[in-house]
Structure formats: structure tokens, C-alpha cells
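Chemist: okay, sequence plus prediction incoming.
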Amino acid sequence: MAEIITMPRLSDTMEEGVVAKWLKKVGDKVNEGDILAEIETDKATMEFESFHSGTLLYIGLQEGEGAKVDTLLAIIGKEGEDISALIGGGAPTAAAAAPAAEAKPVAEVTSAPAAAMPAGVEVVTMPRLSDTMTEGTVASWLKKVGDTVKEGDILAEIETDKATMEFESFHSGTLLYIGLKEGESASVDSLLAIIGPAGTDVNAVLAALQGGGASAPAAAAAPAAESKPAAAAAPAATASNANDRVFASPLAKKIAQDKGINLAEVKGSGENGRIVRKDVENFTPSAKAAAPAASSASAAIPTVIPVGVEVTEEVKNSQMRKTIAKRLSESKFTAPHYYLAIEIDMDNAMASRAQINSLPDTKISFNDMVVKACAMALKKHPQVNTSWKGDTTVYNKHVNVGVAVAIEDGLVVPVIKFTDSLTLTQIGALVKDLAGKARNKKLTPAEMEGSTFTVSNLGMFGVDVFTSIINQPNSAILSVGAIIEKPVVKNGQIVVGHTMQVTLACDHRTIDGATGAQFLQTLKAYIENPVTMLA
């Protein structure tokens, strides 16, 4: 009797899987333990083995297609067995698909693209470089069509929703085709490039991928990408050198653009002569180059807009900005927010910080003190250190505090792992390091995952009071305002004091008002008496 194979759950958080590659085709014999396919989960690409023996009668998802867990993936049974009822309950379209899979028309369903694919060719798709990434943008290509690629070489820099990351090749061969130019975006698993033996017919590969018919326009794009990659893809970085490609990191390009430096004159110290940040920062333009730089600076002066004329400009949203919009909207409209505010006396905190910073090689900020106080308060109020899961509430026994960092493209939240076990100086060093990586777009996904609570501080911008949107799956986020000098009452006398207001946004599904208030009382006690955080 035929066995239905469904999309497996290959990780604890997996809800959907993508077929990265089929290792068997319709009509092949399958033994128990054989690898059927490679499945891309939310965490990794994993091999999926068969638990049944027989003939592969039907494939429900093509390579690159995704589906939810438990969706029909394949059918294994006896050769010639009628599987129409298993595919679609006898529906005409589904029933017709089964004989097609068994007979020679299989060409239109699965086997023809595989059979038509030239030997040794590997299709490279847009990778999923973070757990929340759904779309990526090619920031820069480090290889061009015709280059030899070795396994482990950096193919391109991909801008995700969180950072710009290097993407290395898992295959060796010649780069035959580039599907996205620099600055172009596509969803995860879209065609990114093709690697294979030199001289391979790219048209045949594209035809195999698209099943024939629609391949001509795509194939026509390949020569265009091969003929003038630099002029079309990176005009800003190589404006004065349209024929010779200049390899530079996105950060180096931005710094060069800001300083009016022609990257063609900069010598790169990175891999394969690639220009990195320090090369641009240490570059001294020659006298000959000074004049063009001056003219380019004058050309950058904005056009004067006449009074009374309406002018608009559309700027393409980055992957980070789109993800921020999506996630914060989901949080605001799904989690019932409420807010609690409290004012904290900062006189003791200011004196303690000054004393700590007077020690050699020691420097902490008020934000470091707040992060440490939050971590210790969370240990005393575990209800605040939770996540809502619908039918259950997850109590996190560990404390990982996320610290919101503003960068040019939006907001990222690097995470201080096991914050409660760290000293103030350790927290200060980690926050400084992660904030620097965030501003340079060098944070890794691992450094932005796993927060159980978040701190957002706008005090350095002079903001007294504000509220934040919860960074899900956290149940709360603390908004920290500026330290204000003001008259306060102490021991019945009006004196000059320093206060700071903090606002706690809570998810009412997990944190009741009284619980949130008790957390703030504990937090206030720690900050007002910093010595208690050292005990």
C-alpha cells in the first residue's frame, strides 16, 4: 500500500519547509534510510531520509517550493499503483497528476527539468541568513560572470533585515550567471546565481529551471549582466571607472561617498584586493585628485527648490526598515500593551558612577547600570521574564537583555547573554562592542537572537519621557529617559536633585499591572542604591 510522505518538522520552531534539492526522482527505487531530499528549515538545510521502501510515485513540491509542516511532500508505493485518491481525493486535476508522474509526461512535473539540467551545474538561491529574513538585497558582488569560484569563496554581500553579511559559496566551478544585480532584492530561495563547468549553456540551465517556455527573457538577461556589470551595478562606487570593477565593502563605499573619495584610486588591503573601511579612512588623495573631488562636492550641493513648489522623493525601503515595520506592527496589534512609569532619584547613581569611572581602565555608563538593574530585577520577578505562546506561557530561567541601538537604516537589538551573571564593567564592554558592530552592520544573527527583555534609551537625545513597542517574543520593554536636574523634596526640604523617568511597556497577556509595578519598585531600589548591585 502506498505511503504518504509529509513535510517533516525538523526543528522545534519549524512551521514551514522548503525543498532545497530532490535526491530521488519519480520512478526511482527507494530503500528505507535513503536520503529523499534536502529540506531547508528555519535554522538549517537538512537531509531527509525515507522511512519506507518502494518506488517514488509522486512528488508534491518542486525544488525551491515551500509548504507548511505536514503538507503532502511525496508518495512511495508499488510501481504502477493507483494513487489518485491519495493526491486529491479523486479531483480531476490531482488525479491527472498521478498518471502523469508515472508515465513519460513526467517531464512537465518533475523529471524533465532535472533531466535537462546540464551535469555539474549548481543553482545558488537567495540564502536565509537570519531567522526572520524573508527577502534579501545584493549589496555587492565579489565575483563576476566568468570568474572561477572555489568552495568557501565569498560570492556576495547580502543585506538582510538585520545586517549586511558575507555569503560564501558551497560549490566550486565557474560563475555562469548572476540573477540579481547590486541593489536588487528578491525573496528567500529566489535564483541568485548559477555555478558550473566553464562553457556550460546558461540558456539550457534557465530553461530547465523554468520548465522551458519562459526561459528566453531570463536568458537574454545573462549576456547583459556579463557585458557591463560595473556600469550597471555600481555606478556610485565606480563613477570614474565604468569598465574596471572596484571591489569594496558597503561601508567603505558609503564612507568614500561621504568624503568624496574615488574608490578607483584606493588600494585595498582585504581579500583579493577588496577595499575595506580602514583603506578609505587612511586614504590621502593626491593633489591631482583634489580638483575632481572638489568639483564632485560642488555637484553634490542640493538643488534650490523654488518657494511654492511641491517636491517629493521616493526612497526604496531597506530590508531592515521593512522588517522593522512588519514586526512592530505585529507586536502593537497583537499584544495588548499598557504602560507604567516611575521616577528614579539618580544622585547616588551619579556619585557611584563617578567613583567607578575614576578607577584605571574602567568606564561604565548610566545605561549599563540600568541594564544590570533590569537583569537583577528580572530574577526577582520571573513573570516579567516570559513569552506568550498562545496555549502556554514560557518562563525563561535565563536572563538575556536586548539593548536597542539606533543605526542609519533603523533599529537593531543586540543581546547581552546571561546579563545577570555579568559585572557592570563586563556589560559596558559588551554593549560598546555590540553597538559598534551594529552601526557597521557587522552583527551576526546569533548576536541578535534570544532576548528575554529589552531596554531602549533615548536619554542621550534629551528625551525625558517616551514609550516603546514591545520587542516580541519579550513580554516587556523599558524606555529610559534623560537625567534631569530639578527641584526635589528631601527630608522636608526643597533641594536641587537629579531624576530619571523610566516607562515599562507590558504585555497584559503575561504581566498583570501589579506585577509590572512591583518590578519597577525593585528596579528603582537597585538604581537608587547601586551598591546593592555589587553585593
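Modeler: Okay, I see it.
Chemist: Provide the strand pairings for the helix or strand that contains Thr454, with the direction of each partner.
Modeler: Using DSSP states H and E, Thr454 falls within strand 453-457. Strand 453-457 pairs in its sheet with strand 401-403 (parallel), strand 476-490 (parallel), by DSSP bridges.
Chemist: and among those strands, the most buried is which?
Modeler: Ranked by mean neighbour count, these are led by strand 401-403 with a mean of 26 (mean count of other Cβ atoms under 10 Å). C-beta: built from backbone N, CA, C; applies to glycine.
Chemist: who are the packing partners of the helix or strand following it?
Modeler: The first helix or strand that comes after strand 401-403 along the chain, using DSSP H and E, is strand 405-407. With contacts taken as 3 or more Cβ pairs under 8 Å, 6 or more residues apart in numbering; DSSP states H and E, strand 405-407 sits against helix 424-439.
Chemist: now the angle from the helix it packs on to strand 453-457?
Modeler: Helix 424-439 and strand 453-457 are oriented at 80 degrees to each other (axes from the mean of the first three to the mean of the last three Cα atoms, to 10 degrees).
Chemist: buried residues in helix 424-439, which are they?
Modeler: For helix 424-439, a neighbour-count test (16 or more other Cβ atoms under 10 Å) marks Leu424, Ile427, Gly428, Leu430, Val431, Leu434, Ala435, Lys437, Ala438 as buried.
Chemist: which one of those is nearest Leu23?
Modeler: Lys437 (38.4 Å; Cβ to Cβ).
Chemist: distance of the closest one from Phe418?
Modeler: Lys437 sits 19 Å away from Phe418, taking Cβ to Cβ, to the nearest Å as the criterion.
Chemist: try Ser365
Modeler: 20 Å.
Chemist: do the same with Tyr58
Modeler: Distance of Tyr58 to Phe418, given as Cβ to Cβ: 49 Å.
Chemist: who's more crowded, these two?
Modeler: Neighbours were counted for Tyr58 and for Phe418 using other Cβ atoms under 10 Å; Tyr58 has more, 26 against 11.
Chemist: thought Glu81 was touching the more buried one, still the case?
Modeler: No - the criterion here is Cβ atoms under 8 Å, and Tyr58 misses it with Glu81 at 10.2 Å.
Chemist: quick one, the strand or helix carrying Ala351 and strand 476-490 angle?
Modeler: Remark: Ala351 resides in helix 347-357, with elements defined by DSSP H and E. Put simply, helix 347-357 runs at 110 degrees to strand 476-490, going by the same axes, to 10 degrees.
Chemist: now the helix or strand following helix 347-357 and strand 453-457, what's the angle there?
Modeler: Next helix or strand after helix 347-357 toward the C-terminus (DSSP H and E): helix 366-380. In terms of direction (the same axes, to 10 degrees), helix 366-380 departs from strand 453-457 by 160 degrees.
Chemist: other SSEs contacting helix 366-380?
Modeler: Using 3+ Cβ pairs under 8 Å, 6+ apart: helix 366-380 touches helix 347-357, strand 401-403, helix 424-439, strand 453-457, strand 476-490, helix 513-528.
Chemist: avg pLDDT for it?
Modeler: Across helix 366-380, pLDDT averages out at 96.
Chemist: send the alpha carbons of it over as PDB?
Modeler: C-alpha atoms of helix 366-380 as PDB (Å, rounded to 0.1, in the frame of the first residue of the first chain):
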ATOM      1  CA  PHE A 366      24.200  55.000  33.200                       C
ATOM      2  CA  ASN A 367      22.700  52.700  30.600                       C
ATOM      3  CA  ASP A 368      25.000  49.900  31.800                       C
ATOM      4  CA  MET A 369      23.700  50.400  35.300                       C
ATOM      5  CA  VAL A 370      20.100  50.300  34.000                       C
ATOM      6  CA  VAL A 371      20.700  47.000  32.100                       C
ATOM      7  CA  LYS A 372      22.300  45.400  35.200                       C
ATOM      8  CA  ALA A 373      19.500  46.600  37.400                       C
ATOM      9  CA  CYS A 374      16.900  45.200  35.000                       C
ATOM     10  CA  ALA A 375      18.700  41.800  34.900                       C
ATOM     11  CA  MET A 376      18.700  41.500  38.700                       C
ATOM     12  CA  ALA A 377      15.000  42.700  39.000                       C
ATOM     13  CA  LEU A 378      14.000  40.100  36.400                       C
ATOM     14  CA  LYS A 379      15.400  37.300  38.600                       C
ATOM     15  CA  LYS A 380      13.200  38.500  41.400                       C
END
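Chemist: what residues does that helix touch?
Modeler: The contact list for helix 366-380 (Cβ atoms under 8 Å, 6 or more residues apart in numbering) reads 346, 349, 352-353, 384-385, 399, 401, 403, 416, 419-420, 422, 424, 427-428, 431, 452-453, 455, 457, 459, 478, 480, 483, 500, 502, 519, 522-523, 526-527, 530, 533.
Chemist: 7 Å instead, please
Modeler: The contact list for helix 366-380 (Cβ atoms under 7 Å, 6 or more residues apart in numbering) reads 349, 353, 384-385, 399, 401, 403, 416, 419-420, 424, 427-428, 431, 453, 455, 457, 478, 480, 483, 519, 522-523, 526-527, 530, 533.
Chemist: roughly how far is it from the heart of the chain?
Modeler: Chain-centre distance of helix 366-380: 27 Å, with Cα atoms, centre = their mean, to the nearest Å.
Chemist: now do it against helix 513-528, angle only.
Modeler: 130 degrees.
Chemist: mind giving me the packing neighbours of the next helix or strand after helix 366-380?
Modeler: Note on helix 366-380: by DSSP H and E, the next helix or strand toward the C-terminus is strand 386-388. If you count contacts as 3 or more Cβ pairs under 7 Å, 6 or more residues apart in numbering; DSSP states H and E, strand 386-388 packs onto strand 393-395.
Chemist: go again using 10 Å as the cut-off
Modeler: strand 393-395, strand 493-507 (3 or more Cβ pairs under 10 Å, 6 or more residues apart in numbering; DSSP states H and E).
Chemist: just the ones you listed: most buried one?
Modeler: Among the helices and strands packed on strand 386-388, highest average neighbours (mean count of other Cβ under 10 Å) belong to strand 493-507, with a mean of 18.
Chemist: pLDDT (mean, whole number) over that one?
Modeler: Mean predicted confidence for strand 493-507 is 96.
Chemist: same check on stretch 474-482?
Modeler: Averaging pLDDT along stretch 474-482 gives 97.
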